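Participant: Predicted coordinates and the sequence they were generated for:
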Amino acid sequence: MADTESSPPGVEVGELLARADAGEPILLLDVRNDDEYETWRLEGRRPIETVHIPYFDFIEDAAACVDRLPRNREIVVLCAKGGSSAMVVDTLRESGVASRNLAGGMIAYGEYLQPVKVPSGDPGLATWEMWQVNRRGKGCLSYVIRSGREAIVVDASRDVSWYEEFVRGLRAAIVWVLDTHVHADHVSGGPALAARSGSPYFVSAGEGFELWQHVTPLVNGQELRLGGEGGVTLEVRVMRTPGHTPGSSCYLVGRRHLLSGDTLFVKSVGRPDLGGQVDAWGRALFHTLRDGFATLSDDTVVLPAHYAGLDDVGPDGVVSASLGTLRRTVPELQIREEEKFVAAMRAALKPPPAQYDEIIRVNLGGATVDPEKATEWELGKNQCAAGTRHPAL
Amino acid sequence: METRQLDVRGAKCPVPIVRARKEIDAMRAGDVLEVLATDPGSVSDFQGWAKTSKLAVLKEQRTEKDQTGREIYVHVLERRA
């Protein structure tokens, strides 16, 4: 086992990503098994050189493994949880090779949250601030909007204390917790965050679908005011946008920023097949994108709840695009006829990951889950986009 | 021929393979080791390790449930000649 006294300190995920993003020539040594390595890898904003040697190969023949590693490079070793990589760090040290362990491994990577400030693009609106919170290991995006001493959190991940601390750092208090929809790929932190902050919580399952938990209902077009008395008033307008799910909502923040949930991504649209009703939900999605979004101008900044890969991340680190650009470039938005749109959605059908049904049940309030199980369910990247452009997902 | 059992329930990687290897090392050709683990990652790990191991052959893998409903992954290994 790892000799913790003489092992070098581990590297935190945040430090590793920041340094790799900045272009430091770090070598990753991934010691997970082949299946885990093929399914899900650590990614930086630019490619990170990675060597894959399973930890049990080190157990069998350490010298042969060590020979495969380039020298004179900083080596960071990672595994699923951080235990096997710690052992490999010790093995390498015994062979005279310095390396450091990625603390918490891929589990920590999958849970790491990075806040990136969204440029308001309008000096007149500088009185409010928005952060896109990037859960990089999963490609999940949540949002924190602050105006005056009040904040709204949208699509919170399960690590609710992170949001509490972040909002506290902004010297604000959470006054609303929103989800754009009942998520299938991760357990929502929304209900717990609302309960702990004493705020109202909103999510919709959609008409005819039962929600087993308390929410404060919001209707289409309703405006939430953020900023409090004497503060700056920011309007957050609720748009009901069925399609990806029957209860999906988007939130228009101020005049120009659209939190689009899983309705519209920066390269594709949300998949409408997760409920097993691709025709009905596909039709709803077609009308949402065509009619529901019709009043939104081309300069609307679309900020989605997910992204698929590094190509989706802008140079400023924000995942966003103008609605005008998306209207020109997203393949599904080029389809003008409902029947053809539905046919395209049907053709892109793919089986969802097995755990999605269980996650949905928890997010509807119909079941609870212990953190360890939730972590297991949430391993890997999201698979929420329609597959017409990302067949590999 | 001897059949031994190794209980590594609750242990996380690399412990199941480290201990299984130690055990197998001390066994004779043809002896069988049944490893009881709770880490779901152990299923692929034992498959991968058996591919490169000079000591062990993976004869069988099965999933059982204990009294509390917890899933137990049983890996059956045979010591090579």
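Facilitator: Perfect, thanks for sending it.
Participant: What is the burial count for the closest residue to chain A within chain B?
Facilitator: Here chain B gets closest to chain A at one residue, B:Trp49, 3.8 Å apart by Cβ to the nearest Cβ. Just so you know, the C-beta spots here come from the backbone N, C-alpha and C atoms, and that holds for glycine as well. Other residues within reach of B:Trp49, judged by other Cβ atoms under 10 Å in any protein chain shown, total 27.
Participant: so it sits in a strand?
Facilitator: No - counting by DSSP: H, G, I helix; E, B strand; the rest coil, B:Trp49 is not part of a strand but helix.
Participant: so what's it closest to, chain neighbours aside?
Facilitator: Take B:Trp49 and drop its neighbours on the chain: the residue closest to it by Cβ to Cβ, 6 or more residues apart in numbering or on different chains is A:Phe56, 3.8 Å away.
Participant: Toward the C-terminus from the helix or strand hosting A:Phe286, list the very next helix or strand.
Facilitator: Taking DSSP states H and E as the criterion, A:Phe286 maps to helix A:278-287. As assigned by DSSP H and E, the chain's next helix or strand after helix A:278-287 is strand A:301-304.
Participant: sorry, back to before: surely the residue of chain B closest to chain A meets A:Asp34?
Facilitator: No - when contacts are counted by Cβ atoms under 8 Å, B:Trp49 is not listed as touching A:Asp34 (11.1 Å).
Participant: what do those two both touch?
Facilitator: A:Pro54 (Cβ atoms under 8 Å, 6 or more residues apart in numbering or on different chains).
Participant: got the contact list for the closest residue to A:Gln355 other than its chain neighbours?
Facilitator: Residue nearest to A:Gln355 in three dimensions, not counting chain neighbours: A:Trp377, with 4.2 Å by Cβ to Cβ, 6+ apart. A:Trp377 makes contacts with A:His186, A:Val187, A:Gln355, A:Glu358, A:Ile359, A:Val369, as judged by Cβ under 8 Å, 6+ apart.
Participant: So for these, which is the shakiest by pLDDT?
Facilitator: Among those, A:Gln355 has the lowest pLDDT, at 90.
Participant: Please name the nearest non-neighbouring residue to A:Ser188.
Facilitator: Setting aside the residues directly before and after it, A:Ser188 is nearest to A:Asn363 in space (Cβ to Cβ, 6+ apart), at 4.9 Å.
Participant: My read is that that neighbour contacts A:Gly189, right?
Facilitator: No - contact criterion Cβ under 8 Å: A:Asn363 and A:Gly189 do not qualify, at 10.3 Å.
Participant: re earlier: and the residue nearest to A:Gln355, how close does it get to A:Thr329?
Facilitator: 33 Å (Cβ to Cβ, to the nearest Å).
Participant: before we move on, back to that, the contacts of A:Trp377 in helices, which ones?
Facilitator: Those of the contacts of A:Trp377 mapping onto helices are A:Glu358, A:Ile359, per DSSP state H.
Participant: and the contacts of A:Trp377 as a markdown table, adding neighbour count and distance to A:Ser161?
Facilitator: Conversion of these to a markdown table gives the following (neighbours: other Cβ atoms under 10 Å in any protein chain shown; distance: Cβ to Cβ, whole Å):
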| residue | neighbour count | distance to A:Ser161 |
| --- | --- | --- |
| A:His186 | 25 | 16 |
| A:Val187 | 23 | 15 |
| A:Gln355 | 17 | 24 |
| A:Glu358 | 16 | 24 |
| A:Ile359 | 23 | 21 |
| A:Val369 | 17 | 17 |
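Participant: can you give me the helices for the chain?
Facilitator: As the question left the chain open, I've gone with chain A. Using DSSP H, helices in chain A cover A:13-21, A:34-39, A:55-60, A:62-67, A:83-94, A:105-111, A:160-169, A:190-197, A:278-287, A:323-329, A:338-347, A:356-363, A:371-377.
Participant: meant chain B actually
Facilitator: Secondary structure of chain B (DSSP H): helices at B:15-25, B:42-52.
Participant: and the helix holding A:Phe286, how far from the chain's centre?
Facilitator: Distance, stretch centre to chain centre, for helix A:278-287: 24 Å (Cα atoms, centre = their mean, to the nearest Å).
Participant: Residues contacting that helix, please?
Facilitator: Contacts of helix A:278-287 (Cβ under 8 Å, 6+ apart): A:242-246, A:263, A:269-270, A:272-273, A:275, A:335, A:338, A:341-342, A:345-346, A:349.
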